[in-house]
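Trainee: Predicted model follows, preceded by the sequence.
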Amino acid sequence: MQHALAQLADALERAPNTPVRELDILPADERAYLLEELNRTAAPYPSAKCIHELFEAEVRKAPDAVAVVCADARLSYGELNARANRLAHHLIGLGVRPDQPVAICLERSVAMVVGVLAILKAGGAYLPLDPAYPCARLRQVLDDAAPRLLVCDAAGRAALGAEALADVSVVDLETATPAWANLPASDPDPRALGLTSRHLAYVIYTSGSTGAPKGAQNEHRAIINRLIWMQRAYGLKATDVVMQKTPFGFDVSAWEFFWTLLEGATLVLAPPGAHKDPDALVDLIISQRITTVHFVPSMLVSFLDAKGVEHCRSLRRLVCSGEALAAASVHKARRVLPWTGLHNLYGPTEAAIDVTAWSCPDEFDGSVVPIGRPIANTRVYLLDGHGAPVPLGAVGEIYIGGAGSRAAT
């Protein structure tokens with residue numbers, strides 16, 4: 001504060017007729033630290049690749065490894081890839097093209113994972129519609145995004161209603177004799193489709209700051225940067241087991257799907273509705289030896305209070321985002337699950353899931369949980385109402401740039 005006042009006095013002496021709001025009160029070294037040093041995040045990543053290409057590389061490494069577990073169903077990497085490829089060839093035949101949104105409305109299931117991968121392989125951008133949402137909300141998204149194709153199951157059909165289904169071509173994944181059953185199990189060639197990493201991977205609708213839904217668009221390369229950073233930060237192994245419980249209408253689900261499948265680990269799908277049941281989640285973590293799980297902070301509180309949570313000995317990573325993480329929750333997590341790493345992430349859907357990260361130290365005695373520092377190839381600035389950087393400790397608005405930034409529509 002002393003430095004800022006001294007700078008202000010000097011600036012007034014040099015330019016007495018300048019409005020105070022336009023005076024630069026930041027010392028040169030502090031400005032350089034805020035704008036440059038904190039944003040030295042450059043790191044290599046495969047920016048020319050698409051998400052499914054990295055998944056296909058993992059399939060070639062270990063085709064027999066378990067990719068997805070859902071209740072009693074288990075699918076290997078090879079089987080998951082073959083199913084997704086057959087459906088992808090069918091979608092290509094129906095006219096799916098790069099940057100084209102393809103709606104997908106299914107309950108959490110193996111078919112949901114197959115459908116998402118197939119849409120990406122066909123060159124489209126998946127548009128997730130949660131069948132738990134009200135029909136009016138789903139219709140609002142459909143009307144705004146105007147997809148020509150819908151991939152669904154019985155739950156999706158029921159949620160959307162006959163009127164919505166009349167406006168799109170429907171691909172029902174619960175068909176007894178699917179039209180794509182005998183199509184090639186080979187990987188579609190992205191080059192033949194004109195697909196690059198600069199095309200959209202998904203369009204996820206948020207409520208928007210005004211309450212009106214808006215479609216946040218993210219490219220393959222933006223998601224890949226986020227996933228490669230996450231792997232370098234947290235080191236997922238092929239022996240890891242990741243729980244997929246976030247409804248796929250939220251962007252966290254994207255890293256649950258793809259971080260897991262790009263690293264050869266196993267994805268365990270929580271039953272529909274289980275993401276709201278802490279006791280069911282404890283049982284699933286113990287029975288499937290889950291190592292990695294995400295919680296919004298409010299659900300973390302319920303999870304830490306659940307019976308038997310102290311028996312979740314397999315848990316190695318607790319990842320939190322979506323809400324402010326309270327210091328009390330951090331203290332409790334360190335007491336109840338001292339063997340588990342706790343990570344706090346922050347970012348808007350428009351910026352490829354997350355833009356800052358903080359990992360809790362073994363000994364945490366703070367009263368405020370930080371959102372951390374910028375992730376790889378990401379720049380974060382705290383600016384005042386006139387677009388100038390605020391001093392350390394001052395309140396400002398977050399501005400984001402870098403590999404994950406893209407405007408919403």
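Mentor: Received, thanks.
Trainee: Tell me how far stretch 135-147 lies from the chain's centre.
Mentor: Its chain's C-alpha centre and that of stretch 135-147 lie 21 Å apart, by C-alpha atoms, centre = their mean, to the nearest Å.
Trainee: Any regions of the stretch 201-350 of the chain where pLDDT drops low?
Mentor: The model of the stretch 201-350 of the chain has pLDDT under 70 over residues 208-211.
Trainee: Next, the spatially closest residue to residue 247 that is not a sequence neighbour: secondary structure please.
Mentor: Counting by C-beta to C-beta, 6 or more residues apart in numbering, residue 130 is the residue found nearest to residue 247 once chain neighbours are left out, at 5.0 Å. Where you see a C-beta, it was placed from the backbone N, CA and C, and this is true even at glycine. Put simply, residue 130 is coil when judged by DSSP: H, G, I helix; E, B strand; the rest coil.
Trainee: I'd assumed residue 246 was in contact with residue 130.
Mentor: No. With contact defined as C-beta atoms under 8 Å, residue 130 and residue 246 do not form a contacting pair (10.5 Å).
Trainee: Buried residues, the longest helix that the chain contains. List them.
Mentor: Criterion DSSP state H: the longest helix present in the chain is helix 77-93. Under the neighbour-count criterion of 16 or more other C-beta atoms under 10 Å, helix 77-93 has 77-92 buried.
Trainee: Max pairwise distance over the residues you listed: which two?
Mentor: By the measure C-beta to C-beta, 77 and 92 form the most distant pair in these, at 21.8 Å.
Trainee: Run through the residues that contact the closest residue to residue 56 other than its chain neighbours.
Mentor: Counting by C-beta to C-beta, 6+ apart, residue 56 lies nearest to residue 187, which is 5.3 Å off, once chain neighbours are set aside. Shown in contact with residue 187 (C-beta atoms under 8 Å, 6 or more residues apart in numbering): 56, 81, 85, 121.
Trainee: Kindly reformat the residues you listed as TSV and extend each row with distance to residue 163 and pLDDT.
Mentor: Output for the contacts of residue 187, formatted as TSV (distance: C-beta to C-beta, whole Å; pLDDT from 0 to 100):
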residue	distance to residue 163	pLDDT
56	38	98
81	36	98
85	33	98
121	30	98
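Trainee: ok, residue 345 - contacts?
Mentor: So residue 345 contacts 319-321, 353-354, 356-358, 371-372 (C-beta under 8 Å, 6+ apart).
Trainee: Can you name the residues bridging to it?
Mentor: residue 357 (DSSP bridges).
Trainee: and the gap between it and residue 270?
Mentor: Residue 345 is 20 Å from residue 270, where distance means C-beta to C-beta, to the nearest Å.
Trainee: Then residue 318?
Mentor: For residue 318 relative to residue 270 (C-beta to C-beta), the value is 15 Å.
Trainee: For the stretch 301-409 of the chain, which segments count as strands?
Mentor: 317-320, 341-346, 356-359, 373-374, 378-383, 397-402 (DSSP state E, counting those that start in this stretch).
Trainee: Could you dump those into a markdown table and include distance to residue 35?
Mentor: Compiled in a markdown table, the strands of the stretch 301-409 of the chain are given as follows (distance: least, C-beta to C-beta, whole Å):
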| stretch | distance to residue 35 |
| --- | --- |
| strand 317-320 | 28 |
| strand 341-346 | 20 |
| strand 356-359 | 16 |
| strand 373-374 | 12 |
| strand 378-383 | 7 |
| strand 397-402 | 11 |
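Trainee: distance of the residue nearest to residue 405 when sequence neighbours are not counted from residue 268?
Mentor: In this structure, residue 405 finds its nearest non-sequential neighbour in residue 351, 5.4 Å apart by C-beta to C-beta, 6+ apart. Distance, residue 351 to residue 268, by C-beta to C-beta: 28 Å.
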